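[1] got a sequence here, can you build the structure:
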Amino acid sequence: MSQGAEQSSGADSGDVDPQLLALLRCPCQQHQPLQQRPEGLACSGCERVFPVVDGIPVILPEPEDKSAE
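    All right, here's what the predicted structure looks like:
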């Protein structure tokens, strides 16, 4: 059990697993890939930055996006 804890310790620092990062996209209209940055995950299209809390990306659309639907 301690081996698994050692392997997942990077997620506690705010890093996102590379396999998950490859799947994530920004909720903006371009749906661009996200890039890991020290301040969080950044959209390569709109440059919006999403926080990572305890290794979990918090990717939510902006409130005004709801009116576009």
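
[2] and the closest residue to residue 24 other than its chain neighbours, what are its bridge partners?
    Nearest residue to residue 24, sequence neighbours excluded (Cβ to Cβ, 6 or more residues apart in numbering): residue 34, at 4.8 Å. For the C-beta atoms, the positions are set from N, CA and C on the backbone; glycine is no exception. Using DSSP bridges, the bridge partners assigned to residue 34 are residue 43.

[3] do a quick rundown of the helices in this protein.
    2-7, 18-23 (DSSP state H).

[4] spit out the contact partners of the residue nearest to residue 33 when sequence neighbours are not counted.
    Spatial nearest neighbour of residue 33, excluding adjacent residues (Cβ to Cβ, 6+ apart): residue 44 at 5.7 Å. Residues near residue 44 by Cβ atoms under 8 Å, 6 or more residues apart in numbering: 26, 32-35.

[5] buried ones among these?
    Listed as buried from the contacts of residue 44 are 26, 32-34; burial here means 16 or more other Cβ atoms under 10 Å.

[6] check contacts around residue 16.
    Neighbour list for residue 16: 24, 36, 41, 52, 55, 57 [criterion: Cβ under 8 Å, 6+ apart].

[7] with just CA atoms, put stretch 32-40 into CSV.
    What follows is stretch 32-40 as a C-alpha-only set of coordinates in CSV (Å, rounded to 0.1, in the frame of the first residue of the first chain):
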residue,chain,number,x,y,z
GLN,A,32,-8.5,23.8,-26.7
PRO,A,33,-6.1,21.4,-24.7
LEU,A,34,-5.0,22.5,-21.2
GLN,A,35,-1.4,23.0,-20.3
GLN,A,36,0.1,22.5,-16.8
ARG,A,37,1.5,25.7,-15.3
PRO,A,38,2.6,26.6,-11.8
GLU,A,39,-0.7,28.6,-11.2
GLY,A,40,-3.0,25.8,-12.6
